[in-house]
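# everything below, folded, please.
(one chain, ligands or ions: 1)
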Amino acid sequence: MSLEKSGGFRSRTPKAKSTPKSVSRGQQQKKAGSRSGRNPRAEVREVRALGVDKPREIAYEVLDRVRTGDAYANLVLPRLLTKQKLDTRDAGFATEITYGTLRNLGLLDAVISSAANRPVKDIDPEVLDVLRIGAYQVLFTRVEDHAAVDTTVKMVGGLKKFNATGFANAVMRTITRTPAEQWLDKLEPEGEIARVAFRTAHPEWIAQSFSRLLPAEELEDALAADSERPVVHLVARPGEISAEELALITGGEEGRYSPYAVYLEGGDPGDIDPVQQGLAAVQDEGSQLIARALVEAPVEGEDHGRWLDLCAGPGGKAALVGALARMDGARVDAVEVSDHRAKLVERSVSGLPVKVHVGDGRTINLDDGYDRALVDAPCSGLGALRRRPEARWRKQESDIAPLNTLQYELLESAINRVRPGGVVVYSTCSPDLRETREVVDRALAALPIEELDAAAFMPGMDNTGEGKSVQMWPHRHGTDAMFVAILRKR
Ligand SMILES: C[S@@+](CC[C@H](N)C(=O)[O-])C[C@H]1O[C@@H](n2cnc3c(N)ncnc32)[C@H](O)[C@@H]1O
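Sure thing, here's the model as predicted:
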């Protein structure tokens with residue numbers, strides 16, 4: 001991140017600082033907004049009164065639930081904003097300080113630790129969350145320093161941490177004494193990748209992962225894109241509505257790559273008639289291209305219309321593949337291991353020739369001989385960090401190795417289930433080589449498959465990496481950082 005502050009809201013207490021970065025609105029999926037779909041505390045408490053304005057109280061509430069309840073900020077925050085009936089300006093401010101704080105956590109902690117002269121693990125976690133929100137305002141927004149300091153101290157008092165108010169005051173004042181850019185200069189680590197990771201507020205291992213694929217001069221742009229609000233992509237369901245019609249109805253713009261994509265600049269996609277009527281849905285353009293590639297890649301011999309989606313939940317690609325199957329007279333078996341996610345698939349493929357099966361894609365009992373199979377593998381999600389503000393700090397590099405085993409086994413299972421001459425599309429929403437090329441290369445070395453040129457099925461998309469697979473990037477293509485390889489069974 002550079003400390004250039006761009007976009008966003010008008011300051012509540014204006015001063016001559018530049019504006020903060022704009023933020024993602026995110027998707028809404030789970031009911032109570034927690035990763036498990038349940039957050040008991042969310043049901044008993046709305047927003048704790050801390051003696052300050054609602055946006056800051058809401059920001060604290062979200063941080064607290066993310067920390068203690070494993071919640072997703074982009075699910076909790078919209079619900080609280082609606083319940084608390086914030087006007088547009090206050091909602092914008094709450095969104096900015098909540099998402100901005102969560103995205104910049106590592107960087108804010110480095111500043112707080114330096115100002116407090118102690119590691120953040122030695123600071124009371126509730127006080128630390130309040131300090132993070134305060135430090136974010138000072139370093140990244142136009143909020144007046146004195147307002148940020150006063151409200152921080154009040155919030156610590158509001159939490160009844162009276163013996164920490166002096167500490168919070170001292171830390172905040174120390175932070176305000178040094179301009180943001182100087183904090184970065186002072187605290188940035190040694191080494192180019194570590195430096196870029198720090199400045200773009202990412203753990204270093206994620207920057208290392210991206211750097212294995214990108215030229216050095218592009219790394220900062222790629223990481224910075226994780227903090228930018230993604231344009232909403234709609235998919236116009238084939239056979240229901242064309243992208244041209246959808247663009248006309250929504251005032252959006254037709255997509256650059258997918259023939260079904262429409263870009264929406266603003267507004268709530270849930271309010272759009274074609275979305276309410278099931279003719280269109282929200283779907284990243286990269287995902288649309290992958291679903292389309294499954295159907296377009298050439299099989300050898302006749303396509304008998306037996307298609308498989310081995311990791312289907314929540315059903316975005318299954319719905320597009322299903323719509324294309326309906327036009328082609330094909331049928332799709334969609335497999336999902338999680339009961340809850342299988343229900344989401346059922347909902348998204350309603351009326352389409354898709355049969356949903358709950359089970360493990362490695363072992364589920366289905367007749368072999370598919371013409372086409374999709375393995376949209378469970379992955380680290382490093383390619384979709386822009387969709388969840390806290391995600392980059394939650395993920396661990398150690399998550400990747402166990403996923404690799406599962407990814408390979410699912411790919412092997414799909415290859416075994418496809419007939420000779422059939423195609424298997426392997427995709428991830430991660431660019432990490434361990435989850436992408438390394439899985440595919442292992443399969444190429446061990447199994448009877450050949451690799452097709454995936455770029456040939458991504459119309460108009462260039463700069464997709466070396467070799468036959470395609471690596472998309474938000475900063476290059478506007479899509480999530482999706483990977484796709486197309487394999488054909490010999
Ligand atoms: C990346 S998501 C798939 C996204 C989906 N294709 C879409 O476009 O909406 C991976 C899915 O695989 C599921 N999964 C994980 N392990 C699985 C397994 N062994 N068999 C089948 N599905 C599995 C996860 O629950 C998750 O829903």
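# now do the SS call for S427.
Three-state assignment for S427 (DSSP: H, G, I helix; E, B strand; the rest coil): strand.
# what's opposite it in the beta bridge?
Going by DSSP bridges, S427 is paired in beta bridges with D376, V484.
# what is the burial count for the residue of the stretch 51-200 of the chain at minimum distance from the ligand?
The minimum distance from the stretch 51-200 of the chain to the ligand, using CB to the nearest ligand atom, falls at Y72 (15.4 Å). The way it works is simple: take the backbone N, C-alpha and C, and place the C-beta from them, glycine included. Other residues near Y72 number 26, with proximity taken as other CB atoms under 10 Å.
# for E245, see how far away the nearest residue to I249 once chain neighbours are set aside is.
Leaving aside its chain neighbours, I249 sits nearest to P274 (6.0 Å; criterion: CB to CB, 6 or more residues apart in numbering). According to CB to CB, to the nearest Å, P274 stands 8 Å off from E245.
# overlap in contacts, those two.
A236 (CB atoms under 8 Å, 6 or more residues apart in numbering).
# those two: which has the busier surroundings?
The neighbour comparison of P274 against E245 (other CB under 10 Å) goes to P274, with 20 against 15.
# just checking, the more buried one touches L246?
Yes. Contact criterion CB atoms under 8 Å: P274 and L246 qualify, at 5.8 Å.
# any common contacting residues for these two?
Common neighbours of P274 and L246 (criterion: CB under 8 Å, 6+ apart): 236, 280.
# so what's R173 up against?
V149.
# how far does whichever strand or helix holds it sit from the chain's center?
Assessed by DSSP states H and E, R173 sits inside helix 165-177. Its chain's average C-alpha position is 34 Å from that of helix 165-177, according to CA atoms, centre = their mean, to the nearest Å.
# stretch 340-358 too?
Computed by CA atoms, centre = their mean, the chain-centroid distance of stretch 340-358 equals 23 Å.
# pLDDT of it, averaged?
Average pLDDT, stretch 340-358: 98.
# list the buried residues of stretch 462-482.
Neighbour-count burial for stretch 462-482 flags 464-465, 468-482 (criterion: 16 or more other CB atoms under 10 Å).
# mark which of these are part of strands, please.
If you go by DSSP state E, the buried residues of stretch 462-482 have 470-471 in strands.
# check the buried residues of stretch 462-482 against the ligand, which are close?
The subset of these lying close to the ligand, counting by CB under 6 Å from any ligand atom, is empty.
# so which of the buried residues of stretch 462-482 sit within helices?
Taking DSSP state H as the definition of helices, the buried residues of stretch 462-482 contribute 474-477.
# reformat these as a markdown table; add pLDDT.
Formatted as a markdown table, these follow (pLDDT from 0 to 100):
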| residue | pLDDT |
| --- | --- |
| P474 | 98 |
| H475 | 98 |
| R476 | 98 |
| H477 | 98 |
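# keeping just the C-alphas, turn the helix holding R173 into PDB.
Taking C-alpha atoms only, helix 165-177 is exported to PDB below (Å, rounded to 0.1, in the frame of the first residue of the first chain):
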ATOM      1  CA  THR A 165      -7.300   4.800  29.100                       C
ATOM      2  CA  GLY A 166      -4.000   6.600  29.900                       C
ATOM      3  CA  PHE A 167      -2.100   4.000  27.900                       C
ATOM      4  CA  ALA A 168      -4.500   4.300  24.900                       C
ATOM      5  CA  ASN A 169      -4.200   8.100  25.000                       C
ATOM      6  CA  ALA A 170      -0.400   7.900  25.100                       C
ATOM      7  CA  VAL A 171      -0.200   5.400  22.300                       C
ATOM      8  CA  MET A 172      -2.600   7.400  20.100                       C
ATOM      9  CA  ARG A 173      -0.700  10.600  20.700                       C
ATOM     10  CA  THR A 174       2.600   9.000  19.800                       C
ATOM     11  CA  ILE A 175       1.100   7.700  16.600                       C
ATOM     12  CA  THR A 176      -0.200  11.200  15.600                       C
ATOM     13  CA  ARG A 177       3.200  12.800  16.200                       C
END
